[in-house]
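J.: What would the 3D arrangement of this be:
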Amino acid sequence: MFSHAYCSERGGMDARRLNHETLTELRKRAVTSVQEGLSPEVVAKAFQVSKQAVYGWLARYRDGGWDNLDAKRRGGRRPKLDGPAMKWVYDTVTMKNPLQLKFPFALWTSKMIGQAISKRFGITLSKASVCRLLNQLGLSPQRPLWRAYQQNPEAVEKWLNEEYPKIKELAKTMKARIYFGDEAGIRSDHHGGTTWGVKGATPIVTTTGSRFGLNMISAVSPQGEFRFMVVKGRVNAPEFLEFIKRLIHNADHPVFLIVDGHPVHRAKTIKVFAEAHKGRFRLYQLPPYSPELNPDERVWNDLKNNAVGRKSIESREDLHEKVIGFLRQLQCSPSRVRSYFANETTRYAA
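T.: Got it, this is the predicted structure:
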């Protein structure tokens, strides 16, 4: 029985020695902790019980609610999903990619999880039941962080633990300012966010039928500085070099600029310029396929999803005016710029 579960680690608590009231309260607190987002393994360690016991309590709760956690209750029918089954669901969703289970989509959906449960245990659950199960396990739908499959984890690890700390130390020695730079383009037909409408009918947002875009280069510093340049046409080596010259113009400190490995950043003219101005300017490159490490990427996400993407664009001039307006506001908001360095994948650079 669940009341006989105990921690196998030395010094662990033997739940059999607890009275019914204490054990019931322990079960409820453990289940609540999981539902609040702690993993069952962490909860088991914190409460000094076995993780099998925690999964068993979760199964009891799912089958009969809080009353089913009463330590005085004995026997009863076996839950559709017992403790080991609950553990399998949790481990599958949190540790496996759907592609590993031969699903065609890389993100877990409630429908796919229901299919996986059916295939594994022969149990059919409705979508609502699957969602309730996931909530009971402390899981929730999340917007994922995307990683390119070409990314080299070892290179990222080296950047975080070796290369960037060296750059930061050299910048401190030379009294240099570190910037992260990037290029981006925005189209007149880009929309961000959602809008309310009649159920079953996709809302229509009217906009100009002409399509046009605008290209930009920018750079952000951990101190909250933001510099940008709007480009007519594509961003090539001459445009990037012009941006660098503007970035270091009248600067009272050396400038370190960190960018990705785009061919424009590796152009011969850029290398020649960097070598000739080594005392004032240095250029570094992020690991390949690692945009999440660049805080400047978040500038463009902010622009597209929270600014221009939520407005109607009427003309090329209108797009230009709204983009420039947002970027100039950003220059006057160091705290917002610094927030780009507070993300899970960018705080290393703060």
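
J.: Could you list the buried residues of the helix or strand hosting L133?
T.: L133 belongs to helix 127-136 when assigned by DSSP states H and E. Within helix 127-136, the residues that count as buried by 16 or more other Cβ atoms under 10 Å are S129, V130, C131, L133, L134, Q136. Backbone N, C-alpha and C define where each C-beta goes, glycine included.

J.: give me every residue that touches the fifth one.
T.: If a contact means Cβ atoms under 8 Å, 6 or more residues apart in numbering, then L134 has V89, V93, S110, I113, S140 as its contacts.

J.: Could you report the pLDDT at the last one?
T.: Spelled out, that is S140. For S140, the pLDDT comes out at 83.

J.: Also the first one?
T.: The predicted structure scores V89 at 93 on the pLDDT scale.

J.: and it, how many neighbours?
T.: 24 (other Cβ atoms under 10 Å).

J.: and it, which of the three is it?
T.: helix (DSSP: H, G, I helix; E, B strand; the rest coil).

J.: doesn't G138 make contact with it?
T.: No. In this structure, V89 is not within contact of G138 by Cβ atoms under 8 Å, at 11.7 Å.

J.: Can you get me the start-to-end distance on stretch 110-130?
T.: 6 Å (Cα to Cα, to the nearest Å).

J.: now what about the helix or strand following the helix holding L133, what contacts it?
T.: Next helix or strand after helix 127-136 toward the C-terminus (DSSP H and E): helix 153-158. Helix 153-158 has contacts (Cβ under 8 Å, 6+ apart) with P287, P288, S290, L293.

J.: For the buried ones among these, write the corresponding PyMOL selection.
T.: The PyMOL selection below is limited to those of the contacts of helix 153-158 classed as buried (16+ other Cβ under 10 Å):
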select buried, resi 287+290+293
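
J.: So of the contacts of helix 153-158, which two are at opposite extremes in space?
T.: P288 and L293 (10.8 Å; Cβ to Cβ).

J.: Distance from the chain centre to the lengthiest strand in the chain, please.
T.: Ranked by residue count under DSSP state E, the longest strand found in the chain is strand 177-187. Taking Cα atoms, centre = their mean, to the nearest Å, one finds strand 177-187 lying 19 Å from the centre of the chain it belongs to.

J.: what about that strand, average pLDDT?
T.: On average, strand 177-187 scores 90.

J.: And it, what does it pack against?
T.: helix 164-174, strand 213-220, helix 237-248, strand 255-259, helix 297-302 (3 or more Cβ pairs under 8 Å, 6 or more residues apart in numbering; DSSP states H and E).

J.: for the ones you listed, which one sits closest to Q151?
T.: Using Cβ to Cβ, the nearest of the helices and strands packed on strand 177-187 to Q151 is helix 297-302, at 14.4 Å.

J.: Give me the next element, helix or strand, following that closest one.
T.: helix 316-331.

J.: can you pull the buried residues of that next one?
T.: For helix 316-331, by 16+ other Cβ under 10 Å, it's L319, K322, V323, F326, L327, L330.

J.: And the last one, what's its pLDDT?
T.: I take that to be L330. So, for L330, pLDDT stands at 94.

J.: Chain neighbours aside, what residue packs nearest to it?
T.: Counting by Cβ to Cβ, 6 or more residues apart in numbering, F226 is the residue found nearest to L330 once chain neighbours are left out, at 5.2 Å.

J.: wait, what's in contact with the one you found?
T.: Applying Cβ under 8 Å, 6+ apart, the residues near F226 are S218, A219, V220, V299, L327, L330, Q331, P334, V337.

J.: Could you check the pLDDT of it?
T.: 97.

J.: what do you get for the one 10 residues further on?
T.: According to the model's per-residue confidence, N236 sits at a pLDDT of 95.

J.: wouldn't it be in contact with P263 here?
T.: No. Counting by Cβ under 8 Å, P263 is not a contact partner of N236; they are 9.5 Å apart.

J.: Looking at those two, which one has more neighbours?
T.: In this view N236 and P263 are compared by other Cβ under 10 Å, and N236 has more residues nearby, 13 against 8.

J.: what's the neighbour count on the residue lying closest to the more buried one once chain neighbours are set aside?
T.: Leaving aside its sequence neighbours, N236 sits nearest to V264 (Cβ to Cβ, 6+ apart; 6.1 Å). Neighbourhood size, V264 [other Cβ under 10 Å]: 20.

J.: could you measure V264 against I244, distance?
T.: Between V264 and I244 the computed distance is 11 Å (Cβ to Cβ, to the nearest Å).

J.: Also N68?
T.: 66 Å.

J.: picking that back up, return every residue with contacts to both of V264 and I244.
T.: I270.

J.: where does the stretch 251-350 of the chain have low pLDDT?
T.: Scanning the stretch 251-350 of the chain with the threshold set as pLDDT under 70 gives 307-314.

J.: and the spatially closest residue to F121 that is not a sequence neighbour, how many neighbours?
T.: The spatially closest residue to F121, leaving aside those adjacent along the chain, is A85, at 5.8 Å (Cβ to Cβ, 6+ apart). Using other Cβ under 10 Å, A85 is surrounded by 18 other residues.
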